[in-house]
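Chemist: The sequence isn't on hand, but the structure is:
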RNA sequence: GCUCGGGUGGUGGAACUGGUAGACACGCAGGACUUAAAAUCCUGUGCCCGUCAAAGGCGUGCGGGUUCGAUUCCCGCCCCGAGUACCA
């Protein structure tokens, strides 16, 4: 029989499911290997052809590792909490759980038909109570922990309480809120329980605080920074505004340094690591306190709740330039602005603040070169020379970074320079080689001038000296600053994990651990309440022993921040994963997914993992040893061109792409499924919509050629290619190999179905190797020839090398070459073909299983067969066609024995009549012979 | 602007440590089989100049350099994509 992919694929998919071929054991004498895919959010649209790209690659790798004798864990599940199901629920009233289940079923069917070797017995769904029970459990652990800087790890909050009881707050070196109280042990004990709880909240790794959040009114929720793009929500594109709210936060900043250091220990793509480094944004510098001049005597605003401070604290990475400070700039939102503003300057300052607010609302893209700001009327004293320096506000200083205040050194910083020019402030050079006629010069070379005790020193000496000076004066100290902020951990939405917290007199308390999972309550509709509370506020009778629950739910990244542990022990009802399972699987050896998760999921996961390690629950500091980003599959849109008549109206006539210059046309997307190699199937097009039924066409060479453009793959552009259709027409094995054949895994590329035929033909040709012309299975037991063995061993080595470096596209080519060679050799020998089946099986598992059984092997044994051993002896040649170059240009090949040494080769080449032709009778200037490679003659 | 990728035939791409540029596949052209079409098979296919051919010239974004030899290494520039956005 000819290659019947439909029957074969169905048969083997059923076999694998029935016999649980890919079920992984949590103990084995084999070494472990954990291959993980980023689990999908099951959207209503199902899979398009871009989604499986990474899954195919990881599946090939997982199957290959099984052949190499590893115990492979290759699981799959669903990140099933999320906004789209809830939006759908708002529109239709259908419970998100029902939508989600239906979508998961579609995903499962689509995944199954591609023949993945997932261990489905370990499937997880983040929205299932069995799963989110443990997400809540981790939340409880985070709440009950604080970060001890001295030990550089998270510790139990009980330990902190113990310390407070014995020593008060002294000797605690913790990551905490800015305003923590100082108290003695006696004072601590005198606090009420509420006071103690309020204080402890400032230390907990998950905590409640008022923060400025990205509020999206249209979605009715708060978004994380990485969910906002250019002021609009990533999902849906709704406007986002800044709003102050009480929010749960995660103290990820406690782990900033470890998250940064860990990057050096993992095998991830460099751009991805770079993104995380930038996101963490470490800068080394100093914080300096500038005393405010004559402050006390003027504006005492403490009665209005505005802090009465003596200092403005700045953060700088160039404390060595402090003698060049000629003014200070603070953010317009800085809390001291009202207090610092003198009556004379009040109108100007107020006007500026109003203007800034408007600006950020209107357009934040406003040119960064425009200088703006306003003088407060107040001054500070420079701690190194006692000089009086004016304080300005300006929007180039951000309230959220550092202290929201900078010391301006116009000779060294371009923004400060422009600001000084604009406001006529002095610019003092402080380094001898500085050139500041037209712009600031941030050099660190040269020696200091105009800098009192630093004069003549270089950068290193000067920085050390000035920090020592400031420290001695109590006016500053060396400091490391991070750009990264604590992560907000609450969404005002329904379809997420409930936070296991209730409130008593305004303070949060955890519910008892035996009461989790705290289940999502049923509500009447999925909208905020009339009073503006989150949807959970609608649940009737939903309270904890009479106390109100937290009404926000956890964000999308909660469930995905630890899911790889659950796969290790997916059905454990006593623990999130057993100690034994974690000890065996440890970490993920290979993780494949998109780079869009660089600063979201991948950072949060590393954070939670480090926390679990601190608690002794995890054992590896980094969860994902090696990570590969698969490129995005872009859409390839096709267009038809509608003729525009003299009055400018659209007609029902369409012009082929090559002719559009001669006509006036308008461009319309056409469904790519009606187009083959850019040629439109006119019948399908006519049937697409009633209005096209009588369409006419101006053809080019009898064909209608469509236009092409690369865009995002989306329904509205009619360029979505559904894998179901391709599986139906060519089979899963063809689709798997074609997706790999498309190009390097990590590269983004447009989807183009042109060319899938080539892969399909290859599989048929492979099938034919095992069959005679009448498609009878016919394999010979004869001993293989030298050239057959050579073909085989070439591919054994090639595929091995390619898989190890994730170059799947080149292996597909090599398979084609091998099958072409063996077809030419008319090879049907078992000794060759059986090995070839094993090598191909990770790529095209169904056809391989079928042929494996036809070869007489027991069904189901292929997945754990041994990968063939490469024997270099079969590739040894005794002759080589040396390329002969004249002046570096290849001219001809000469067959020369490989046993000859360099001088022998040289004389043989020069003696050749063909070479002599190029030499024109003259002796060559130089002859380069690289044995086994090339001969180059210089004339 | 800064950071990171990337520019190779009509198309997707290959060339792994500097050593035959364009493997493999698509497309296209021609041919075989067929009443015909589809399918299948065979041949050719970087560009230019040659009547086919032989021979030659040009070719890996552009300009230069190192080298016997550069898609690969170095310097400068242009273009495309991604990330980031006044980070002190």
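Modeler: It's in. Keep in mind it's a predicted model, so treat the numbers as computed, not measured.
Chemist: Find the closest residue to RNA strand B in the stretch 51-200 of chain A.
Modeler: With CB to the nearest atom of the strand, the shortest gap between the stretch 51-200 of chain A and RNA strand B falls at residue A:53, namely 12.4 Å. To be clear about C-beta, it is placed using only N, CA and C from the backbone, and glycine gets the same treatment.
Chemist: And the stretch 601-750 of chain A, by the same measure?
Modeler: Ranking the residues of the stretch 601-750 of chain A by distance to RNA strand B (CB to the nearest atom of the strand) places residue A:743 first, at 3.1 Å.
Chemist: ok, how many other residues are close to the residue of the stretch 1-150 of chain A found nearest RNA strand B?
Modeler: Among all residues of the stretch 1-150 of chain A, residue A:2 sits closest to RNA strand B, at 9.1 Å; criterion: CB to the nearest atom of the strand. Here the count is done by other CB atoms under 10 Å, and residue A:2 has 9 residues near it.
Chemist: Could you check how far it is from residue A:775?
Modeler: In this view, residue A:2 and residue A:775 are 5 Å apart by CB to CB, to the nearest Å.
Chemist: Contact residues of the stretch 801-939 of chain A facing RNA strand B?
Modeler: Taking CB under 7 Å from any atom of the strand as the contact definition, the stretch 801-939 of chain A meets RNA strand B at A:801, A:807, A:809-810, A:812-813, A:816-817, A:820, A:881, A:883, A:885, A:887-891, A:893, A:926, A:928, A:930, A:933-934, A:936, A:938.
Chemist: what's the answer for the stretch 651-800 of chain A, then?
Modeler: Taking CB under 7 Å from any atom of the strand as the test, the list of the stretch 651-800 of chain A residues beside RNA strand B reads A:677, A:741-744, A:747-749, A:752, A:754-755, A:757-759, A:761-762, A:764-765, A:798.
Chemist: same question, the stretch 351-500 of chain A
Modeler: A:366, A:368, A:395-398, A:401-402, A:404, A:406-407, A:413, A:415, A:481, A:483.
Chemist: between the residues you listed, which is nearest residue A:170?
Modeler: Nearest to residue A:170, judged by CB to CB, of these is residue A:481 at 25.3 Å.
Chemist: So which bits of the host helix or strand of residue A:161 are buried?
Modeler: Using DSSP states H and E, residue A:161 falls within helix A:157-167. Taking 16 or more other CB atoms under 10 Å as the neighbour-count basis, helix A:157-167 is seen to contain the buried residues A:157, A:160, A:163, A:164.
Chemist: residue contacts, whichever residue of the stretch 201-350 of chain A sits closest to RNA strand B?
Modeler: When you check the stretch 201-350 of chain A against RNA strand B by CB to the nearest atom of the strand, the closest residue turns out to be residue A:271, at 3.0 Å. Residue A:271 makes contact with residue A:595 under the criterion CB atoms under 8 Å, 6 or more residues apart in numbering.
Chemist: got the phi/psi numbers for it?
Modeler: Taking degrees, to the nearest 10, you get phi -60, psi -40 for the backbone angles of residue A:271.
Chemist: Skipping adjacent residues, who's closest to the closest residue to RNA strand B within the stretch 451-600 of chain A in space?
Modeler: Using CB to the nearest atom of the strand, the point where the stretch 451-600 of chain A gets nearest to RNA strand B is residue A:483, with a distance of 3.8 Å. The shortest distance from residue A:483 to any residue other than its chain neighbours is 2.5 Å, reached at residue A:281 (CB to CB, 6 or more residues apart in numbering).
Chemist: Residue A:27 now?
Modeler: Counting by CB to CB, 6+ apart, residue A:584 is the residue found nearest to residue A:27 once chain neighbours are left out, at 6.3 Å.
Chemist: quick one, what contacts that neighbour?
Modeler: Residue A:584 sits next to A:26, A:27, A:32, A:568 when contact means CB under 8 Å, 6+ apart.
Chemist: any idea which helix or strand carries the first one?
Modeler: Per DSSP H and E: residue A:26 is located in neither a helix nor a strand.
Chemist: Am I right that residue A:839 sits in a strand?
Modeler: No - using DSSP: H, G, I helix; E, B strand; the rest coil, the assignment for residue A:839 is helix, not a strand.
Chemist: Domain parsing of chain A, as residue ranges.
Modeler: Using automatic domain parsing, the domain parsing of chain A gives A:28-34+A:42-128+A:558-629, A:139-254+A:486-549, A:282-482, A:634-724, A:755-871, A:877-938.
Chemist: Let me know which of those domains is tucked in deepest.
Modeler: By mean neighbour count, with neighbours taken as mean count of other CB atoms under 10 Å, domain A:28-34+A:42-128+A:558-629 ranks first of the domains of chain A at a mean of 20.
Chemist: looking only at pLDDT, what's the mean for that one?
Modeler: Per-region confidence: domain A:28-34+A:42-128+A:558-629 scores 95 on mean pLDDT.
Chemist: Let me see the backbone angles for residue A:148.
Modeler: Residue A:148 has phi and psi values of phi -90, psi 110 when expressed as degrees, to the nearest 10.
Chemist: That one contacts residue A:174, correct?
Modeler: Yes - with contacts defined as CB atoms under 8 Å, residue A:148 counts as touching residue A:174 at a distance of 6.2 Å.
Chemist: Overlap of the contact sets of these two?
Modeler: Shared contacts of residue A:148 and residue A:174, defined by CB under 8 Å, 6+ apart, comprise residue A:160.
Chemist: what's the closest non-adjacent residue to residue A:64?
Modeler: In this structure, residue A:64 finds its nearest non-sequential neighbour in residue A:842, 4.6 Å apart by CB to CB, 6+ apart.
Chemist: Hmm, that neighbour is touching residue A:800, no?
Modeler: No - applying CB under 8 Å as the test, residue A:842 and residue A:800 come out as separate, 11.2 Å apart.
Chemist: circling back to that earlier point, now for the contacts of residue A:584, which pair is the farthest apart?
Modeler: Pairwise distances across the contacts of residue A:584 peak at 11.9 Å for A:27 and A:568 (criterion: CB to CB).
Chemist: Ramachandran angles for residue A:833?
Modeler: In terms of degrees, to the nearest 10, the main-chain angles of residue A:833 are phi -70, psi -40.
Chemist: ok, it - contacts?
Modeler: Listed by CB under 8 Å, 6+ apart, the contact set of residue A:833 reads A:769, A:770, A:779, A:822, A:827, A:851, A:855.
Chemist: So what touches stretch A:542-554?
Modeler: Contact partners of stretch A:542-554, identified using CB under 8 Å, 6+ apart, comprise A:81, A:135, A:139, A:247-248, A:489-499, A:501-504, A:508-509, A:511, A:515, A:518, A:520-521, A:533-534, A:536-537.
Chemist: residues in contact with the closest residue to residue A:128 other than its chain neighbours?
Modeler: Among residues not flanking residue A:128 along the chain, residue A:80 sits closest, at 7.7 Å (CB to CB, 6+ apart). When contacts are counted by CB under 8 Å, 6+ apart, residue A:80 is found next to A:41, A:42, A:100, A:104, A:125, A:126, A:127, A:128.
Chemist: could you redo the last one with a cut-off of 6 Å?
Modeler: Counting by CB atoms under 6 Å, 6 or more residues apart in numbering, residue A:80 makes contact with A:42, A:100, A:125, A:126, A:127.
Chemist: Give me the secondary structure label for it.
Modeler: With three-state DSSP as the basis, the three-state label of residue A:80 is coil.
Chemist: May I ask which helix or strand encompasses the nearest residue to residue A:900 once chain neighbours are set aside?
Modeler: The spatially closest residue to residue A:900, leaving aside those adjacent along the chain, is residue A:908, at 7.0 Å (CB to CB, 6+ apart). Per DSSP H and E: residue A:908 is located in helix A:902-911.
Chemist: Give me the contact list for that helix.
Modeler: Identification of contacts with helix A:902-911 by CB under 6 Å, 6+ apart yields A:896, A:915, A:927, A:929, A:931, A:935.
Chemist: Report the lowest-confidence entry in the residues you listed.
Modeler: Within the contacts of helix A:902-911, pLDDT reaches its minimum at residue A:915, with 82.
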